[in-house]
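Engineer: pasting the structure only:
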Ligand SMILES: Nc1nc2c(c(=O)[nH]1)N(C=O)[C@@H](CNc1ccc(C(=O)N[C@@H](CCC(=O)O)C(=O)O)cc1)CN2
Ligand SMILES: Nc1ncnc2c1ncn2[C@@H]1O[C@H](COP(=O)(O)OP(=O)(O)OP(=O)(O)O)[C@@H](O)[C@H]1O
């Protein structure tokens with residue numbers, strides 16, 4: 001059944017996923033993070049992107065702090081959160097500055113919100129993804145806005161821990177679909193009907 005309150009349902013799922021993530025032992029987490037990075041490397045080898053928009057995981061986010069180390073990629077961009085919660089982009093590696101919410105963000109020229117349109121591969125953070133391509137984020141709507149600007153041919157992939165690829169998620173018209181997940185079990189493709197579903 002489609003819920004009449006997707007916002008409330010999203011909040012409940014977010015807190016369940018964040019609690020489950022906290023139960024991982026340090027060893028389980030570092031094993032899972034390494035397997036996620038390995039799965040991501042296979043995606044990179046397949047896509048051979050010139051530009052990747054990635055992100056620097058915070059403590060407890062899948063992939064760990066080495067996620068944006070992507071050998072063989074010409075240019076890696078990381079998000080810089082704007083005051084309006086939209087995403088600017090800057091090149092990585094770069095010195096890191098402490099941002100809001102405990103984020104570490106690259107210090108360097110800001111390339112503008114449209115820089116994501118130049119990426120052939122986007123690695124987006126998420127708490128869960130459904131098999132029909134709905135992504136649940138932290139609730140700022142930052143990636144909903146940013147993913148509206150990606151090139152039609154770009155691949156959008158979300159690193160997740162096992163159990164976070166689910167059958168169904170509450171969806172709202174502004175949600176932007178994603179193409180794949182990378183988990184400790186490997187690469188998983190999801191199906192969706194197009195990036196522009198909100199019209
Ligand atoms: N590593 C990482 N970088 C990212 C994101 C992300 O999810 N992960 N973002 C994805 O958009 C953007 C930053 N947006 C964020 C929004 C909220 C929170 C956060 O920790 N929120 C708290 C609750 C905040 C509150 O007090 O209201 C939480 O989720 O517990 C983090 C990042 C860009 N950079
Ligand atoms: N294009 C947009 N412009 C302005 N606000 C938006 C846009 N898209 C979504 N929002 C707002 O952002 C808020 C959070 O949306 P949602 O709960 O879907 O976030 P999320 O996808 O989980 O988070 P994120 O994208 O930051 O990871 C909603 O209140 C929504 O209205």
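Structural biologist: Happy to help now that I have it. None of the values given here were measured: they were computed from a predicted structure. Numbering: from 1, shown residues only. Ligands and ions are numbered 1, 2, ... in the order given.

Engineer: doesn't residue 78 lie inside a strand?
Structural biologist: Yes: counting by DSSP: H, G, I helix; E, B strand; the rest coil, residue 78 is part of a strand.

Engineer: who's it bridged to?
Structural biologist: In this entry, residue 78 is beta-bridged to residue 90, by DSSP bridges.

Engineer: so which bits of this protein are right by ligand 2?
Structural biologist: Selection of the chain residues close to ligand 2 by Cβ under 6 Å from any ligand atom yields 10, 136-145, 172, 174-175. All C-beta atoms are positioned from the backbone trio N, CA, C, and that covers glycine.

Engineer: so which of these sit within helices?
Structural biologist: If you go by DSSP state H, those have 10, 142-145 in helices.

Engineer: quick revisit: same list (the residues of the chain next to ligand 2) but as TSV, adding distance to ligand 1.
Structural biologist: Converted to TSV, the residues of the chain next to ligand 2 look like this (distance: Cβ to the nearest ligand atom, whole Å):
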residue	distance to ligand 1
10	12
136	11
137	5
138	4
139	7
140	4
141	8
142	4
143	5
144	9
145	9
172	15
174	13
175	13
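
Engineer: who wins for most neighbours among those?
Structural biologist: For the residues of the chain next to ligand 2, the largest number of neighbours (other Cβ atoms under 10 Å) sits with residue 143, at 24 neighbours.
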